[in-house]
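Asks: kindly return the folded structure for what I paste below:
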Amino acid sequence: MHFTSRCTPVHSHYEFLEGRKSCVYNTSIPPHGFPPWPPGGSSPRDFLYVLMSQRVIAFIDGFNLYHALDLYVKYRVPGSEGMEMRMPYHQYKWLDLKKLCQCFLTKGEELVTAYYFTALATWSPEKMERHTRYMRALEWTGVKVVHGAFREKEVYCTHCKTTFVKHEEKRTDVNIAIHLLGLAQANAYDRALLMTGDSDLIPAVEWVRAQYPQKRISVIVPIARPVTKHLRLVANDHAKIKEDHLRRCQLPSTIMLENGQEVISPYS
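Replies: Numbers count the residues shown, from 1 in each chain. As a prediction, the model looks like this:
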């Protein structure tokens, strides 16, 4: 591919990024949150197409990843040949998600954005405080947090003959699907890292691959989770988070925010 030494935008909403040999546009983000594409219309004269580094956006299912770190698994104890049932990954919850996503990039790829989809356990002040602290730490790294919500649901126990309230997390799958579809339509990424094991996202993955076959969707399966067969089949490829990834991708125990406030890991 031959690059000219000069990039002359057709419209004023383009700008040239020196050193990247790429042409992008300044977007005025509309209310739905996704930039318009193509800018200026569908005519080839309205925009320039140039080769640039492959843009990657990560979509992280927060609870799917979080609960994977709490699973009991057969774990080989250091210095022993035996296996025990343990929660060996609980210690890695102060996880640098941006750095973790970068572990799965290949040569010539750039992580543009990482979205973290989650919800606050509003009925538990202790969990809320710990979770809020973690989200502030993630935002410090540049991760974008997208909030869902919990809904109360009455559940009847046939064993003890009583009714109790259960909290169900809602909107995360929908939020991930909306962002995956919307950002594909906005041509905001070339490859998507979908960090989840949830098969509910299969329709969204199928739609993106059918409408934009040039885009890749890679499923990144949380540790201790099985590789979901159907999700694996509809994606371009898949990879598994390993303990070494978790060990190498920890946030600093103390983070100093721009406003001078400290965020201290609750796990330190």
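Asks: what are the phi and psi angles of residue 181?
Replies: Main-chain torsions, residue 181, degrees, to the nearest 10: phi -70, psi -50.
Asks: next one: it from residue 108, what distance?
Replies: 25 Å (CB to CB, to the nearest Å). (Glycine included, C-beta is placed from N, CA and C.)
Asks: please say which of those two ends up with more neighbours.
Replies: It is residue 181, of residue 181 and residue 108, that has more neighbours when counted by other CB atoms under 10 Å, with 18 against 8.
Asks: so who does the more buried one touch?
Replies: Going by CB atoms under 8 Å, 6 or more residues apart in numbering, residue 181 touches 204, 207, 208.
Asks: same question for residue 220.
Replies: The contact partners of residue 220, taken as CB under 8 Å, 6+ apart, are 58, 101, 104, 193, 194, 195, 196, 238, 239, 240, 241.
Asks: rerun at 7 Å
Replies: Residue 220 is in contact with 104, 193, 194, 195, 239, 241, counting by CB atoms under 7 Å, 6 or more residues apart in numbering.
Asks: and for the third one, the neighbour number?
Replies: Right, the one you point to is residue 194. Residues near residue 194, counting by other CB under 10 Å: 25.
Asks: my guess is it is in a helix, correct?
Replies: No: looking at residue 194 with DSSP: H, G, I helix; E, B strand; the rest coil, it is strand, so not inside a helix.
Asks: quick one, strands of this structure?
Replies: Assigned strands in the chain, in chain order: 14-17, 22-25, 54-61, 73-76, 83-86, 109-118, 144-147, 149-157, 162-170, 191-195, 216-221, 237-240, 254-256, 262-264 (criterion: DSSP state E).
Asks: now the angle between strand 216-221 and the third one, please.
Replies: Using axes from the mean of the first three to the mean of the last three CA atoms, to 10 degrees, the inter-axis angle of strand 54-61 relative to strand 216-221 is 40 degrees.
Asks: pLDDT (mean, whole number) over strand 54-61?
Replies: For strand 54-61, mean pLDDT is 98.
Asks: so which elements touch that strand?
Replies: Helices and strands touching strand 54-61, by 3 or more CB pairs under 7 Å, 6 or more residues apart in numbering; DSSP states H and E, are strand 109-118, helix 172-185, strand 191-195.
Asks: what about 8 Å?
Replies: helix 97-102, strand 109-118, helix 172-185, strand 191-195 (3 or more CB pairs under 8 Å, 6 or more residues apart in numbering; DSSP states H and E).
Asks: restrict the third one to CA atoms and write it as CSV.
Replies: Read it as helix 172-185. In CSV, the C-alpha atoms belonging to helix 172-185 read as follows (Å, rounded to 0.1, in the frame of the first residue of the first chain):
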residue,chain,number,x,y,z
THR,A,172,-25.7,-5.5,31.0
ASP,A,173,-26.4,-7.9,28.0
VAL,A,174,-28.5,-5.2,26.3
ASN,A,175,-25.9,-2.5,27.0
ILE,A,176,-23.1,-4.6,25.6
ALA,A,177,-25.2,-5.5,22.5
ILE,A,178,-26.1,-1.9,21.9
HIS,A,179,-22.5,-0.7,22.0
LEU,A,180,-21.3,-3.7,20.0
LEU,A,181,-23.8,-2.9,17.2
GLY,A,182,-23.7,0.8,17.4
LEU,A,183,-20.0,1.1,17.3
ALA,A,184,-19.8,-1.3,14.4
GLN,A,185,-22.3,0.8,12.5
